[in-house]
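[1] below are the sequence and a predicted model for it; my questions follow.
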Amino acid sequence: MPSANSFRGVLSSKLHNNLSAKARNALYCIESITGLPGVRVVYCVTSSGGDPYEAMTLVSLRTLRRTNPSARVTIVCDSCTHEALRVSGSPLLEEADAIRDVKIPEGTAGYRNRFLKTQLGLLIEGPFLFLDSDTVVRRSLFPLLWLRPDIAAAPNHSSDSFDEQVWDEDRAHLQKMGWQVKHPYLNSGVIWYRGTPASRNFSKIWHLSWLDGVKKPAVGAIRPPLTMHSPRPPLSAFIP
């Protein structure tokens, strides 16, 4: 089961803390306007149906609906997962606004999930927020629509200490790939894509670098290539 790190559930809180009370009230009023398109949120799901991954995604999706009723939810999954969810009668298929079934190579659940996750910026058009399944959305995500950088993410473990940001697994991956660690070391569980050529190019490079790590073989972690190839400011933003 994936660990709950990154800025789980506090992304919108940090954004809201930088807004005045008047601005926050204005956001709530804007979001209540009927027909206003909300933030697109994408989940990448790999499941055998009726397992903890499906359950966690459903919990996260429902916290999103409660706090962001205008959000548009897309679930990206491989064909095996889509069929398993269909056979099990998963409520995810009813509660999401769109299901994107992507044919990918066979492999373990972890491999299939990372195969999709690293190239979401190529699979989804326009701006969107990617959320891991172990997230809880506490407030409005509407301020994301004003982010200008192409990519926004948070330091791993939401820690200011660089030593605490890099896991042992990731250190092994970096060493095998011969990569130097960049600061901050990013978490891959909550990422904002602006849907620009730069964000699409980043997704392409991230995916190819991850595949390279799998083939070497290294460890197959996805955070090392995320940090190594993410654009630097002003093309990217680091959310504390």
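    All right, it came through fine.

[2] use CA for all of it now, contacts and neighbours both
    Will do.

[3] okay, domains of the protein per the record?
    Domain ranges of the chain: 36-146, 150-187+196-240, per automatic domain parsing.

[4] output these as JSON lines; include the columns mean neighbour count and mean pLDDT.
    Shown next, in JSON lines, are those (neighbours: other Cα atoms under 10 Å; pLDDT from 0 to 100):
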{"stretch": "domain 36-146", "mean neighbour count": "18", "mean pLDDT": "93"}
{"stretch": "domain 150-187+196-240", "mean neighbour count": "19", "mean pLDDT": "66"}
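
[5] from G107, how far out is the closest residue to G50 other than its chain neighbours?
    Take G50 and drop its neighbours on the chain: the residue closest to it by Cα to Cα, 6 or more residues apart in numbering is S88, 6.7 Å away. In this view, S88 and G107 are 21 Å apart by Cα to Cα, to the nearest Å.

[6] can you give me the strands in the protein?
    The residue ranges that make up the strands of the chain, judged by DSSP state E, are 40-45, 72-78, 98-102, 128-131, 151-153, 190-193, 236-238.

[7] tabulate the ones you listed (a markdown table), appending distance to S60.
    Written out in a markdown table, the entries for these read as follows (distance: least, Cα to Cα, whole Å):
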| stretch | distance to S60 |
| --- | --- |
| strand 40-45 | 9 |
| strand 72-78 | 11 |
| strand 98-102 | 16 |
| strand 128-131 | 9 |
| strand 151-153 | 18 |
| strand 190-193 | 12 |
| strand 236-238 | 23 |
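
[8] between those, which one is nearest to T118?
    Proximity to T118 (Cα to Cα) singles out strand 40-45 among the strands of the chain, at 10.0 Å.

[9] could you give the angle of that closest one to strand 72-78?
    Put simply, strand 40-45 runs at 30 degrees to strand 72-78, going by axes from the mean of the first three to the mean of the last three Cα atoms, to 10 degrees.

[10] sheet-wise, list the partners of strand 40-45 with their directions.
    In the sheet containing strand 40-45, its partner strands are strand 72-78 (parallel), strand 128-131 (parallel), by DSSP bridges.

[11] what does the longest one rub up against?
    Strand 72-78 has contacts (Cα atoms under 8 Å, 6 or more residues apart in numbering) with 37-46, 61, 96-104, 112-113, 116.

[12] phi, psi for the residue nearest to T196 when sequence neighbours are not counted please.
    The shortest distance from T196 to any non-neighbouring residue, by Cα to Cα, 6+ apart, is to D150 (6.4 Å). Taking degrees, to the nearest 10, you get phi -70, psi -30 for the backbone angles of D150.
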